Each structure stands twice: as C-alpha cells, then as structure tokens.
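Colleague: This is the structure alone, sequence omitted:
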Ligand code: AMP
C-alpha cells in the first residue's frame with residue numbers, strides 16, 4: 001500500500017525530499033532506474049545572451065521511449081482515434097512501476113513517480129491517475145500542486161528545485177499522458193530568471209499599464225514572459241489556499257493569452273499551442289514554441305533554463321558550433337527589440 005496524501009496541508013508537512021531520495025536510492029540500487037552517476041558536465045556562458053548554461057551528456061536519453069500522439073512539424077495535428085488508443089496502450093504513466101512510485105495517491109487524482117530515465121538525481125514527475133492529454137491546459141489545482149511541491153522542497157529540505165510542463169506538438173515532449181516534471185538545480189547554478197525577478201513585487205499583469213507587463217530578459221534570443229509569484233509565509237486557512245490557486249490561475253491564463261497572440265502574429269492560428277512552462281518558488285515563465293528541434297537538436301523546457309542535455313559528444317559539439325542562442329531562437333520565436341514595450345491585444349485572438 002503506497003503513500004496517500006489527501007490535502008495540501010498534509011503535502012506541505014511532509015519531508016518530500018527525503019521520501020523522493022529514499023525511493024530513488026533504492027530504485028537505483030535495484031536497477032529500476034537508468035541513470036549514470038558519473039555524468040560529465042561543463043558550464044559555459046553564452047557570449048550573446050550572457051546566460052550561464054550547463055551542458056551534460058546523458059546517455060540514458062537515447063533509451064527513453066517515445067510515445068507521442070503526433071510528430072513535430074506535422075501539419076495535420078489532429079490525432080485519430082487509432083493513434084490515440086496506441087498511445088494510451090503504450091503509456092507508462094497509467095500503471096506506473098511500484099518501485100518508482102513516490103506518492104501513490106495525491107489529492108485523489110494524481111501520483112508522484114520517479115522519472116525512469118532521470119536527467120539528474122531525484123528527478124520526479126506528477127502524473128494524473130487517469131489518462132489525460134498532455135496538450136490540455138493546466139488546472140488551477142495542478143498549478144498549485146507545482147507550487148506547493150516546490151515550496152515544500154525549498155522550505156523543508158532547502159533544495160532548489162524547478163518544475164516544468166512541455167505542452168503541444170513542438171514543445172519537445174515525449175509522453176502524451178499529462179505530466180509535470182520536477183528537477184533539482186545543479187549546485188551553485190544561478191538562473192537568469194531568478195536574477196531578473198529579484199526586487200520585483202508580485203503584481204497582476206495588465207497589458208495597458210507599462211510596469212504591469214511581464215518581465216523579460218532582453219538579451220535572451222527568444223520570446224519568453226516571466227511573472228513573479230505571490231509568496232506566503234504561512235498558510236493559515238482555506239481562504240489563503242484558494243487565494244493562491246486563483247492567483248496562479250490568473251497568471252497562467254494571462255501567459256496563455258500572450259502566446260495565443262504570438263501565434264496570431266506569426267500566422268500560426270491554425271496550429272495548436274506549443275509552449276514550455278517553467279516554475280520556481282517565486283516565478284513562473286512561458287516560452288511559446290514553433291519547433292521541437294533545430295536540425296537534430298531537440299529542446300524541451302530545459303534549454304530555456306540554461307540546462308542542455310544531449311545524447312552524445314557529437315551533439316554537444318554541434319550545440320557549441322551552432323550556438324545556444326541560435327538554437328533556442330529557432331525552437332522558440334525571435335525576441336523583438338523593445339519586447340517589454342509591445343502592447344498585445346489580450347482579447348484580440
Ligand atoms: P517529456 O519528454 O517532457 O514528455 O517527459 C516524459 C518523461 O517521462 C521523460 O523524461 C522520460 O524519461 C520519462 N519516462 C519515460 N518512461 C517512463 C517510465 N516508464 N516511468 C517513469 N518515467 C518515464
């Protein structure tokens with residue numbers, strides 16, 4: 001009988017990191033995970049964006065199963081029923097391996113499981129118990145679970161985690177069953193997102209007010225929008241929990257509206273939205289995506305966090321030759337000059 005957590009309060013009080021660590025260490029010892037502890041990595045500062053990046057060669061990547069509903073670049077994105085049934089049948093998240101399960105029932109509808117092919121130690125996923133498509137929008141409770149888990153890991157165990165959601169055909173996802181990922185930041189790694197939100201207070205975004213538009217780091221080569229999250233010292237009652245859920249939902253829907261506008265601007269309204277959503281305990285960011293890969297270099301959320309994972313040395317050399325900024329720009333949408341001053345018509349889609 002696995003662990004069962006019924007409320008956010010219970011979740012907040014867990015020492016989640018120790019539980020993840022125990023399950024991970026045991027699974028690694030028993031060969032239930034594909035993970036090489038001696039991964040080579042290097043830190044490079046991209047000369048154009050001045051963003052620090054970590055590049056790692058993760059051999060487990062080539063073993064990862066692909067269970068997509070449609071291939072990137074496919075004009076006809078409609079998924080037929082046969083394809084959907086095939087995807088559901090091959091789905092590893094519907095009946096996850098017991099050895100990889102961290103929380104068997106979370107708020108009734110979710111599970112936490114370890115990533116079988118982790119990029120880093122203690123990499124885990126939040127998955128829905130029932131099959132749901134990866135390209136459905138995040139529900140307010142799912143955003144709140146992301147935030148509660150990040151907060152827990154930071155407050156209870158002092159671990160700096162981030163969370164991400166790859167959604168849509170060009171987002172770089174590999175599994176079509178709805179899942180959100182949680183990964184620890186490498187030691188001493190400082191993200192540009194945390195730098196640009198430093199000193200910014202929480203605000204509800206509004207297009208027509210200049211200092212209420214989302215935050216951008218203008219040296220980045222790709223469009224992205226960052227919002228500061230509301231922080232709570234303590235959760236005292238259900239009203240506060242509801243307030244947090246509403247706040248996250250408003251911010252997320254605002255970011256979704258932003259990227260709908262981008263798809264319109266680039267005459268891609270006939271396409272389903274593809275994007276990466278990233279979150280840390282005090283910010284959330286969205287990156288609209290037009291391509292899952294540049295040449296044969298695939299990207300999901302991680303490259304936009306400054307974390308590059310490649311299958312082998314040839315790809316590592318290729319990334320360095322092409323340049324990180326160029327790859328991310330081609331996978332996303334090019335940053336425009338004065339991006340922060342552009343007023344998008346929120347309701348013009
Ligand atoms: P994404 O590529 O963003 O769709 O994320 C899916 C993740 O699921 C990948 O990081 C895989 O390593 C992971 N994965 C694939 N198969 C399994 C499995 N059987 N159990 C747990 N995680 C898995």
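Modeller: Done, it's in. Keep in mind the model is a prediction, meaning the values are calculated, not measured. Residues are numbered from 1 along each chain as shown.
Colleague: Pull out the buried residues from stretch 69-85.
Modeller: 69, 70, 72, 77, 79 (16 or more other C-beta atoms under 10 Å). Placement of C-beta: from N, CA and C, glycine included.
Colleague: Just the strands from the stretch 151-300 of the chain, written as ranges.
Modeller: With DSSP state E, counting those that start in this stretch, the ranges of strands along the stretch 151-300 of the chain come out as 161-167, 179-184, 225-228, 275-280, 283-288, 293-294, 297-298.
Colleague: before we move on, back to that, need the max-distance pair from the buried residues of stretch 69-85.
Modeller: 72 and 79 (13.5 Å; C-beta to C-beta).
Colleague: got the end-to-end distance for stretch 292-306?
Modeller: 17 Å (C-alpha to C-alpha, to the nearest Å).
Colleague: no wait, stretch 129-145
Modeller: So stretch 129-145: terminal residues 14 Å apart, C-alpha to C-alpha.
Colleague: need the buried residues of stretch 69-85 in CSV with distance to residue 306, can you?
Modeller: Listed next are these as CSV, based on distance: C-beta to C-beta, whole Å:
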residue, distance to residue 306
69, 29
70, 29
72, 23
77, 30
79, 33
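Colleague: on that earlier part again, can you say which of the strands of the stretch 151-300 of the chain is nearest to residue 7?
Modeller: Taking the strands of the stretch 151-300 of the chain one by one with C-beta to C-beta, strand 179-184 is closest: 19.1 Å.
Colleague: and the angle from that closest one to strand 161-167?
Modeller: Interaxial angle of strand 179-184 relative to strand 161-167 (axes from the mean of the first three to the mean of the last three C-alpha atoms, to 10 degrees): 150 degrees.
Colleague: May I have the strands that pair with strand 179-184, each with its orientation?
Modeller: strand 124-128 (antiparallel), strand 161-167 (antiparallel) (DSSP bridges).
Colleague: so for the longest one, what's the average pLDDT?
Modeller: Per-residue confidence for strand 161-167 averages out to 98 on the pLDDT scale.
Colleague: roughly how far is that strand from the heart of the chain?
Modeller: 2 Å (C-alpha atoms, centre = their mean, to the nearest Å).
Colleague: Can you point out the buried residues in that strand?
Modeller: Buried, per 16+ other C-beta under 10 Å, within strand 161-167: 161, 162, 163, 164, 165, 166, 167.
Colleague: How about stretch 205-221?
Modeller: 205, 207, 213, 214, 215, 216, 217, 220, 221.
Colleague: contacting residues around stretch 316-336?
Modeller: 44, 46, 48-49, 51, 53, 55, 57, 170, 172, 216, 218, 220-224, 262, 266, 287-297, 299, 303-304, 308, 310, 342 (C-beta atoms under 8 Å, 6 or more residues apart in numbering).
Colleague: Generate a PyMOL selection restricted to the buried subset of those.
Modeller: In PyMOL syntax, the buried subset of the contacts of stretch 316-336 is picked out as below (16+ other C-beta under 10 Å):
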select buried, resi 46+49+51+53+55+57+170+172+216+220+221+222+223+224+262+287+288+289+290+291+292+294+297+299+303+304+308+310
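Colleague: which residues sit in contact with the residue nearest to residue 185 when sequence neighbours are not counted?
Modeller: Nearest non-adjacent residue to residue 185, counting by C-beta to C-beta, 6 or more residues apart in numbering: residue 160, 4.5 Å away. Contact analysis of residue 160 by C-beta under 8 Å, 6+ apart lists 153, 154, 184, 185, 280.
Colleague: Can you turn the buried part of the residues you listed into a ChimeraX selection?
Modeller: The ChimeraX selection below is limited to those of the contacts of residue 160 classed as buried (16+ other C-beta under 10 Å):
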select :153,154,184,185,280
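Colleague: Right, I'll leave it there.
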